[in-house]
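Chemist: Got a sequence here, can you model it:
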Amino acid sequence: MIGKNVIIRLLSVVLVITLLIILLCSCKSIAELTLDDKGKSFELEKGDRINIKLESNPTTGYEWILGGETDTSVVSLFDSKFVQTEKEEELVGAGGYEIFTFKAENSGQTEIILTYKRSWEEEELKEEFLFKINITVK
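Modeler: A predicted model of the protein is given here:
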């Protein structure tokens, strides 16, 4: 005969596993995009997130800057950070990646435009320094 304590422990474990499964299933998807994805179109559902990971070296003065054309009622910038390349973590001035996380907010269409430039320079951008994608949120 199984004791009461064993049954309570088994039920607790089953409850925890069930809650974890529900939590994992309810998470919204996160797409990982790179420079190879520029010019493409993507469909998202409300609550989805996308990460855009672009090579960068802020010590040169260059940075990826979000263009003002993005409709933030459709997608909003959720987070941005710079991550140094793993093999160069201890090198001063080493490059890495800027990672932008956007969240789908409401139905609609917009573009995400990121430009790689020095904020104080006004020169015309070369195509290779422009990252542009089209987003549709359903």
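Chemist: any idea of the pLDDT on Asn5?
Modeler: Looking at Asn5, its pLDDT stands at 79.
Chemist: same question but for Ile21, I mixed them up
Modeler: Per-residue confidence for Ile21 comes out at a pLDDT of 67.
Chemist: Grab the nearest non-local neighbour of Lys40.
Modeler: For Lys40, the nearest residue in space outside its immediate sequence neighbours is Ile133; the separation is 5.7 Å by C-beta to C-beta, 6 or more residues apart in numbering. Quick note: C-beta positions are derived from backbone N, CA and C, even for glycine.
Chemist: Hmm, Asp36 and that neighbour touching each other?
Modeler: No: with contact taken as C-beta atoms under 8 Å, Ile133 and Asp36 are classed as non-touching, separated by 11.2 Å.
Chemist: Who has more neighbours out of those two?
Modeler: Ile133 (19 against 7; other C-beta atoms under 10 Å).
Chemist: check which helix or strand covers the residue nearest to Lys40.
Modeler: Secondary structure here is read from DSSP states H and E; on that basis Ile133 sits in strand 130-137.
Chemist: That strand pairs with which strands?
Modeler: The partner list of strand 130-137 in its sheet, established with DSSP bridges, is strand 41-44 (parallel), strand 108-118 (antiparallel).
Chemist: Mind listing the residues bridging to the residue nearest in space to the middle of the chain?
Modeler: With distances taken as C-alpha atoms, centre = their mean, the residue of the chain nearest its centroid is Asn51 (2.0 Å). The residues paired with Asn51 through beta bridges, assigned by DSSP bridges, are Glu32, Thr101.
Chemist: which residues does it contact?
Modeler: Going by C-beta atoms under 8 Å, 6 or more residues apart in numbering, Asn51 touches 30-33, 99-101.
Chemist: If we use 7 Å, what do you get?
Modeler: With contact taken as C-beta atoms under 7 Å, 6 or more residues apart in numbering, Asn51 is in contact with 30, 32-33, 99, 101.
Chemist: Next, count neighbours for Glu45.
Modeler: The number of residues packed near Glu45 is 11, by other C-beta under 10 Å.
Chemist: Repeat that for Phe100.
Modeler: Other residues within reach of Phe100, judged by other C-beta under 10 Å, total 20.
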